[in-house]
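A.B. asks: Coordinates for the following, if possible.
(chains A and B)
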Protein chains: 2
Amino acid sequence: MQAMWVRMAAGMLLSVGLAAPSQAQQVRADTLIKWRQSAYQVMTWSTSRIRANVEGQFNRDEVIRAAQLLNSLANAGMGTLYPTGTESGSGWHETTVRPELFRNQALVAERAGALARETGAMLNLAASGDVPAIKAQYGRLVQACKNCHEDLKFRE
Amino acid sequence: MQAMWVRMAAGMLLSVGLAAPSQAQQVRADTLIKWRQSAYQVMTWSTSRIRANVEGQFNRDEVIRAAQLLNSLANAGMGTLYPTGTESGSGWHETTVRPELFRNQALVAERAGALARETGAMLNLAASGDVPAIKAQYGRLVQACKNCHEDLKFRE
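C.D. replies: Residues are numbered from 1 along each chain as shown, chains lettered A, B, ... in the order given. Prediction:
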């Protein structure tokens, strides 16, 4: 694949003068797309682990680890992986992100905040070992995922 | 790609009787390989963010977020992504894992523990805003990554 650099890099370097470029400005677009596609896979791993635990043999430590990882991802600032210049391009595969994600920042912020609230609640519940409560929270967490995919019409 | 299921699943189900299968036994080998390849990409994202911050403009919150994510990954129990039956196969691409990783569990545990110690130390330092200390810890963290790749001769 032809290397594609984030288009804003040169302009931003000029406009900010001596300030060092942020990571997103230094990294190739295809790498950023690969990282965000990877992050969603790690979310899928983690939510699947929680589901396997509430539907099968429950291992409290495993649910805590999965919830900790999910909550860290939800609060990692994944928005930095979507700079201008990454609306199209390939990471592991051609991005499936829709233009809405770059155009409606208020909705993105609302949906990202909702995800972080649900992962935080899951982390708080994980240590309890209260399987029915964790199962109910799993449903709310997955709903937060679905809301974002539906409203912003993207999947990575 | 031909679907390949984790080979131990059937045997394990018989041997453990009524116990529910663990996640690794329920999930296809190619999915487990994709998840572990993704997890290393998220580690690369996070270490790259820390490097960008210590070499350029320092943003304490961003370093904390990256360190939190790294530490969550290092403690997530990624060993569960390497069950018997995943020595070969494709996730995002053909796995590059070497047989050593499945044969020398003592070394795997030692290297995994070393990584978790370094990510924990990074997380403790992140809030300090002490850039030289974070930079030094970044070096130790990357060395822990390299040790594992060299000793176990794998990269995902």
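
A.B. asks: can you give me the strands for chain A?
C.D. replies: In chain A, no strands are defined using DSSP state E.

A.B. asks: Who are the packing partners of the biggest helix by length in it?
C.D. replies: The residue-count maximum for a helix in chain A (DSSP state H) belongs to helix A:29-55. Using 3 or more Cβ pairs under 8 Å, 6 or more residues apart in numbering or on different chains; DSSP states H and E, the elements in contact with helix A:29-55 are helix A:60-74, helix A:131-151, helix B:23-26, helix B:29-55. Backbone N, C-alpha and C define where each C-beta goes, glycine included.

A.B. asks: Specify the angle between it and helix B:60-74 in degrees.
C.D. replies: Orientation check (axes from the mean of the first three to the mean of the last three Cα atoms, to 10 degrees): helix A:29-55 against helix B:60-74 gives 50 degrees.

A.B. asks: Could you list the buried residues of helix A:29-55?
C.D. replies: For helix A:29-55, burial by neighbour count (16 or more other Cβ atoms under 10 Å in any protein chain shown) applies to A:29-43, A:45-54.

A.B. asks: hang on, the earlier thing: please name whichever of the helices and strands packed on helix A:29-55 is nearest to residue B:130.
C.D. replies: Between residue B:130 and those, the shortest gap by Cβ to Cβ is with helix B:29-55, which sits at 10.3 Å.

A.B. asks: Tell me what angle that closest one forms with helix B:131-151.
C.D. replies: Angle, helix B:29-55 to helix B:131-151, by the same axes, to 10 degrees: 150 degrees.

A.B. asks: So which bits of chain A are right by chain B?
C.D. replies: Contacts of chain A with chain B, taken as Cβ under 8 Å from any Cβ of the partner chain, map to A:19-23, A:26-27, A:34-35, A:37-39, A:41-42, A:44-46, A:48-49, A:52-53, A:55-57, A:62, A:65-66, A:68-69, A:71-73, A:75-77, A:80-81, A:92.

A.B. asks: Can you list the low-confidence ranges for chain A?
C.D. replies: Applying pLDDT under 70 to chain A flags the ranges A:1-22, A:24-25, A:152-156.

A.B. asks: on that earlier part again, now the helices and strands packed on helix A:29-55 as a markdown table including distance to residue B:98?
C.D. replies: Output for those, formatted as a markdown table (distance: least, Cβ to Cβ, whole Å):
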| stretch | distance to residue B:98 |
| --- | --- |
| helix A:60-74 | 25 |
| helix A:131-151 | 35 |
| helix B:23-26 | 20 |
| helix B:29-55 | 14 |
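
A.B. asks: So for residue A:88, which of the ones you listed sits nearest?
C.D. replies: For those, proximity to residue A:88 was assessed by Cβ to Cβ; helix A:131-151 is nearest, at 18.6 Å.

A.B. asks: helices or strands next to the closest one in the packing?
C.D. replies: Here helix A:131-151 touches helix A:29-55, helix A:105-126, going by 3+ Cβ pairs under 8 Å, 6+ apart.

A.B. asks: Reformat those helices as JSON lines; add distance to residue B:119.
C.D. replies: Listed next are these as JSON lines, based on distance: least, Cβ to Cβ, whole Å:
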{"stretch": "helix A:29-55", "distance to residue B:119": "15"}
{"stretch": "helix A:105-126", "distance to residue B:119": "18"}
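
A.B. asks: out of the ones you listed, nearest to residue B:88?
C.D. replies: Residue B:88 lies closest to helix A:29-55 among the helices and strands packed on helix A:131-151, at 19.7 Å (Cβ to Cβ).

A.B. asks: what's the burial count for residue A:70?
C.D. replies: Residue A:70: 28 surrounding residues under other Cβ atoms under 10 Å in any protein chain shown.

A.B. asks: That one reaches residue A:44, doesn't it?
C.D. replies: No - using Cβ atoms under 8 Å, residue A:70 makes no contact with residue A:44, being 10.2 Å away.

A.B. asks: Look up how far residue A:103 lies from residue A:84.
C.D. replies: Applying Cβ to Cβ, to the nearest Å, the value for residue A:84 to residue A:103 is 11 Å.

A.B. asks: With residue A:86 instead?
C.D. replies: Note on residue A:86: its distance to residue A:103, by Cβ to Cβ, is 14 Å.

A.B. asks: Please say which of these two ends up with more neighbours.
C.D. replies: Neighbour comparison, residue A:86 and residue A:103: the larger count goes to residue A:86, with 25 against 11 (by other Cβ under 10 Å).

A.B. asks: Verify the contact between that one and residue A:31 for me.
C.D. replies: No - taking contacts as Cβ under 8 Å, residue A:86 lies outside contact range of residue A:31: 9.8 Å.
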